[in-house]
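>>> next one to model:
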Amino acid sequence: MPLIKTIQEVKNYVSVGINNEFETITPDLIQAHDRVLKLLGSTQYTALETAYDAGPVTGEIKSLLEFCQGIITNLCYAEFITPGQLDISDSGFRIQVDGEYKTAFQWQIDDLKLYFRKKAADKEEKMLAFLEEKSSTFPDWANSPASTLFRQYFINSTSEYQDHYNIASSRLTFLALIPTMKYTETFSIEPNISPALFAKLKDQIQNKTLTDKNKLLITYIQPAVAYLTICNAIDELPVEIKENALVVNEYRATGENYRQQATASDKLLVSKKASACVKGNDYLQRLIAFLNANADDYPEYKDSGLYKPPTETIFVDRSSKHLYGGF
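Reported below is the predicted structural model:
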């Protein structure tokens, strides 16, 4: 059963005047539940669904339900807005136009889709933070694979990334960066701290058992990951620089009825990439220097063959993301 059953519940989360019949949006609404199921895990989802069906929900259960309904509703409209412009019948697909209304321009549709996706992503970020904070209240989530799914990396939230690099606090940008961030961790961090220490840190992050010494080490790893990820991502993703922030999946107008994906100018991208590469390598050098100076606290590193006494010089190739000897 779905977590939204009435059009009034939908209107609680979509801040536009809508007069849809509930049945019209039901297919997209049901599909949007898949994202919530992934976030919560099947056991917690079923528990929330049971509480919602029994109703009324209160307290922290109500808060979780409202997060879920906000995600579902906004994802639903991000998908529905395109077919919602059309009259779909056995005769084919037709645009509805009359004396008072006509369909939105393509750039308006793109903007609205992005608006709904951003709202859904923001609620997702807040819900995950809420679940982490209230994990004792939601053991079905805390003890499920769903909870560790969002503790896979050295940076696991938009706010953590924003602490090191300006991405306009955009969860959509953060999510778009994850594949590149995974690459950066695998090829820039793991070879320089040792596979054994890398695996140990990842295990402690997933199980929320980081020791104080490893928490300190993470503070050295995170800025290196953030900057080197940007260094790699600029060549791979459609990015735009807005008020000195790097964002992904934006659009710009190219005509009355069309808007294409925007990318920053080549000159600006080259500058941003170079800066990110240099700073990322600086942070990587700082991380290695810290490990060499504190190797007794990190035996996996000291015994790996990577350890060098602090008096030895480590040379960073500032022309790329690579650290000589480490890649």
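
>>> which residues does the closest residue to L237 other than its chain neighbours bridge with?
Spatially, and ignoring its direct neighbours in sequence, L237 is nearest to V248 (5.2 Å; C-beta to C-beta, 6 or more residues apart in numbering). The way it works is simple: take the backbone N, C-alpha and C, and place the C-beta from them, glycine included. In this structure, V248 has the following beta-bridge partners (DSSP bridges): V239.

>>> please shift the residue numbers so they start at 41 in all later answers.
Got it, the first residue is 41 from now on, which makes the last one we talked about V288.

>>> now for M167: which residues touch it?
79, 104, 107-108, 111 (C-beta atoms under 8 Å, 6 or more residues apart in numbering).

>>> recalculate using a threshold of 6 Å.
Contacts for M167 (C-beta atoms under 6 Å, 6 or more residues apart in numbering) come out as F107.

>>> ok, now the one 10 residues further on?
Residues in contact with T177, defined by C-beta under 6 Å, 6+ apart, are E100.

>>> how near is Y341 to A314?
Here the criterion is C-beta to C-beta, to the nearest Å. By it, Y341 lies 30 Å from A314.

>>> show me the helices in this structure, by range?
Listed in chain order, the helices of the chain (DSSP state H) span residues 47-51, 62-80, 82-94, 99-120, 146-173, 179-182, 185-189, 198-202, 211-224, 230-233, 235-247, 252-273, 306-333, 339-342.

>>> need the ones you listed in CSV (columns: distance to P349).
Shown next, in CSV, are those (distance: least, C-beta to C-beta, whole Å):
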stretch, distance to P349
helix 47-51, 64
helix 62-80, 47
helix 82-94, 50
helix 99-120, 51
helix 146-173, 40
helix 179-182, 43
helix 185-189, 37
helix 198-202, 33
helix 211-224, 27
helix 230-233, 16
helix 235-247, 18
helix 252-273, 19
helix 306-333, 7
helix 339-342, 11
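
>>> so can I have JSON lines of those showing mean pLDDT and distance to P350?
What follows is these, written out as JSON lines (pLDDT from 0 to 100; distance: least, C-beta to C-beta, whole Å):
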{"stretch": "helix 47-51", "mean pLDDT": "87", "distance to P350": "61"}
{"stretch": "helix 62-80", "mean pLDDT": "89", "distance to P350": "44"}
{"stretch": "helix 82-94", "mean pLDDT": "96", "distance to P350": "48"}
{"stretch": "helix 99-120", "mean pLDDT": "94", "distance to P350": "48"}
{"stretch": "helix 146-173", "mean pLDDT": "89", "distance to P350": "37"}
{"stretch": "helix 179-182", "mean pLDDT": "95", "distance to P350": "41"}
{"stretch": "helix 185-189", "mean pLDDT": "91", "distance to P350": "36"}
{"stretch": "helix 198-202", "mean pLDDT": "96", "distance to P350": "29"}
{"stretch": "helix 211-224", "mean pLDDT": "95", "distance to P350": "26"}
{"stretch": "helix 230-233", "mean pLDDT": "98", "distance to P350": "16"}
{"stretch": "helix 235-247", "mean pLDDT": "97", "distance to P350": "18"}
{"stretch": "helix 252-273", "mean pLDDT": "97", "distance to P350": "15"}
{"stretch": "helix 306-333", "mean pLDDT": "94", "distance to P350": "5"}
{"stretch": "helix 339-342", "mean pLDDT": "98", "distance to P350": "12"}
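
>>> okay, which residue is most central for this structure?
Centroid-nearest residue in the chain: L215, 2.8 Å away (criterion: C-alpha atoms, centre = their mean).

>>> so how far is A216 from the residue lying closest to A72 once chain neighbours are set aside?
On the basis of C-beta to C-beta, 6+ apart, the spatially nearest residue to A72 that is not a chain neighbour turns out to be L115, at 3.8 Å. L115 sits at a distance of 16 Å from A216 (criterion: C-beta to C-beta).

>>> those two: who's more crowded?
Set side by side, L115 and A216 give different neighbour counts by other C-beta atoms under 10 Å, the larger being at L115 (25 against 20).

>>> would you confirm that the more buried one contacts Q71?
No - contact between L115 and Q71 fails when scored by C-beta atoms under 6 Å: they sit 8.0 Å apart.

>>> out of the helices of the chain, which comes closest to K348?
Across the helices of the chain, the minimum distance to K348, taken as C-beta to C-beta, is reached by helix 306-333, at 5.5 Å.

>>> counting neighbours, go ahead and name the busier of Y341 and A314.
When neighbours are counted by other C-beta under 10 Å, Y341 and A314 differ, and Y341 comes out ahead with 24 against 14.

>>> how much space between that one and N206?
In this structure, Y341 and N206 are 31 Å apart, going by C-beta to C-beta.

>>> from what I can see L250 touches Q244, true?
Yes - with contact taken as C-beta under 6 Å, L250 and Q244 are classed as touching, separated by 4.6 Å.

>>> for the nearest residue to N332 once chain neighbours are set aside, give its distance to A333.
Computed as C-beta to C-beta, 6+ apart, the closest residue to N332 that is not its neighbour in sequence is P350, at 5.1 Å. The spacing between P350 and A333, counted by C-beta to C-beta, is 5 Å.

>>> how is the protein partitioned into domains?
In terms of domains, the chain is parsed into 47-187, 192-342 (source: automatic domain parsing).
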